[in-house]
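[1] Need the 3D shape of this:
(chains A and B)
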Amino acid sequence: MAVMQFETNTKSRILTVARQLFHSRSYADVGVKQICDEARVQKGSFYHFFPSKRDLALAVIDDMADDWAHGFVAEAFDHNLAPLERLEYMVDAAYYWQKAAKDIEGRVRGCLFGNLALEVSTREEILRAKLMAVFNKTKGKFRETLEEAVASGAIAALDADSTAAAMLAYLEGVILLAKTQNDPDVIRTLGPAIKSLRIELLN
Amino acid sequence: MTEHLHTLDARGLSCPLPILRTRKAIAALASGEVLEVIATDPGSVKDISSFCEQTGHELLEHTAADDSFVFRIRKH
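    Next comes the predicted model:
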C-alpha cells in the first residue's frame, strides 16, 4: 500500500511538472532530464512510468483534459444555467485562467491544448490525434449547448455542429491573440461575441 | 442596513473555479445583498477585485486569515 502511494506520488509529480513546463515553455523545449530534476525523480523511475517523452505528453493531455472536464468546463456548461449563459462562463473561465498566469509569471500562456496542437500536429501523429479528440469533446459541449438553445427557442435553428466548431475555433483564436499580445483583456473584450456566431443549415 | 449574509465556500478550488462560482452565487442574489466568499487560492485576491471592478459589484472588504481569504461583495 505504502509503495503504491509512493508510486502514485512520483507519477503525479512528474505529470504536474511536465504540464507546467510544457505549458510555460513548449514540448520540444523541455527534456526528460529537466522534468526529472524538477520533479525530484530518478530517470529510471521516469521511464518506469513513461517509456518516452511522447508517452508522457499523452498522459499530460489526458490528465489536463480530465481536470478541465471535471473543473471549469463542468462549471461553465452547467445545466442549471441558460444555454447561452454557459458561453459567457466559458469565456470568463478562459479570461481568468489566462489572467492568473499573467498575474503570476507576467506572461499569458495560451491554451495548453492549442499550444501543443500548433507545435506537434505536423510532427507527432499520435499527439495530434489525442489533441483532436480533446477538441472534439469540447466541441461536443458547445454543440449540446446550441441544441438546447434551439430546443428552448432561445435561438433559431442552425447548423449546431459547424457552429460549435466555429465557437471553439473563435475561442482558441482569441486566446492565441491574447497570448501574442500578452494581454488577457483581449479575451474579455472579444470573447463575449462568441454568442453571435452562427453557421446556417444548408438547404 | 442589515441583510442576510450568503456564504460561498470556495476553499480548495483553484482558478478559475472560485470566480465562476462567485459569479453564479451573485447572480442568485437580489441587488444590495451581500455575498461572503471564502477561498484559499491566492489568485482569488486579484480575481475577485477585478471581477468586482468589471461588473460593478462592490467589494466591501477582504481579509486574510488562517491561509484563507474572505471577501464580502455587495451585489450591484
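[2] use CA for all of it now, contacts and neighbours both
    Noted.
[3] Run through the residues of chain B sitting next to chain A.
    Neighbours of chain A within chain B, by CA under 8 Å from any CA of the partner chain: B:15-17, B:19-21, B:43, B:47.
[4] any chance of these in JSON lines, with secondary structure and pLDDT too?
    Shown next, in JSON lines, are those (DSSP: H, G, I helix; E, B strand; the rest coil; pLDDT from 0 to 100):
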{"residue": "B:15", "secondary structure": "coil", "pLDDT": "89"}
{"residue": "B:16", "secondary structure": "coil", "pLDDT": "92"}
{"residue": "B:17", "secondary structure": "helix", "pLDDT": "94"}
{"residue": "B:19", "secondary structure": "helix", "pLDDT": "95"}
{"residue": "B:20", "secondary structure": "helix", "pLDDT": "95"}
{"residue": "B:21", "secondary structure": "helix", "pLDDT": "96"}
{"residue": "B:43", "secondary structure": "helix", "pLDDT": "89"}
{"residue": "B:47", "secondary structure": "helix", "pLDDT": "92"}
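[5] These: which two are farthest apart?
    Maximum pairwise distance among the residues of chain B next to chain A (CA to CA): 14.5 Å, between B:21 and B:43.
[6] residue nearest the centroid of chain A?
    Nearest residue to the geometric centre of chain A (CA atoms, centre = their mean): residue A:113, 4.6 Å.
[7] mind giving me the domain ranges of chain A?
    The record's domain parsing of chain A by automatic domain parsing lists A:2-57, A:71-196.
[8] Between the two ends of the longest one, how far is it?
    Right, the one you point to is domain A:71-196. Taking CA to CA, to the nearest Å, the first and last residues of domain A:71-196 lie 26 Å apart.
[9] How about it and chain B, any contact?
    Yes: Domain A:71-196 is in contact with chain B by CA under 8 Å from any CA, via A:71-72, A:75-76, A:89, A:92-94, A:96-97, A:100.
[10] any chance of those residues in a markdown table, plus pLDDT, neighbour count and secondary structure?
    Formatted as a markdown table, the residues of domain A:71-196 next to chain B follow (pLDDT from 0 to 100; neighbours: other CA atoms under 10 Å in any protein chain shown; DSSP: H, G, I helix; E, B strand; the rest coil):
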| residue | pLDDT | neighbour count | secondary structure |
| --- | --- | --- | --- |
| A:71 | 91 | 17 | coil |
| A:72 | 90 | 24 | helix |
| A:75 | 94 | 21 | helix |
| A:76 | 96 | 25 | helix |
| A:89 | 96 | 24 | helix |
| A:92 | 95 | 23 | helix |
| A:93 | 95 | 22 | helix |
| A:94 | 96 | 24 | helix |
| A:96 | 95 | 27 | helix |
| A:97 | 93 | 24 | helix |
| A:100 | 92 | 23 | helix |
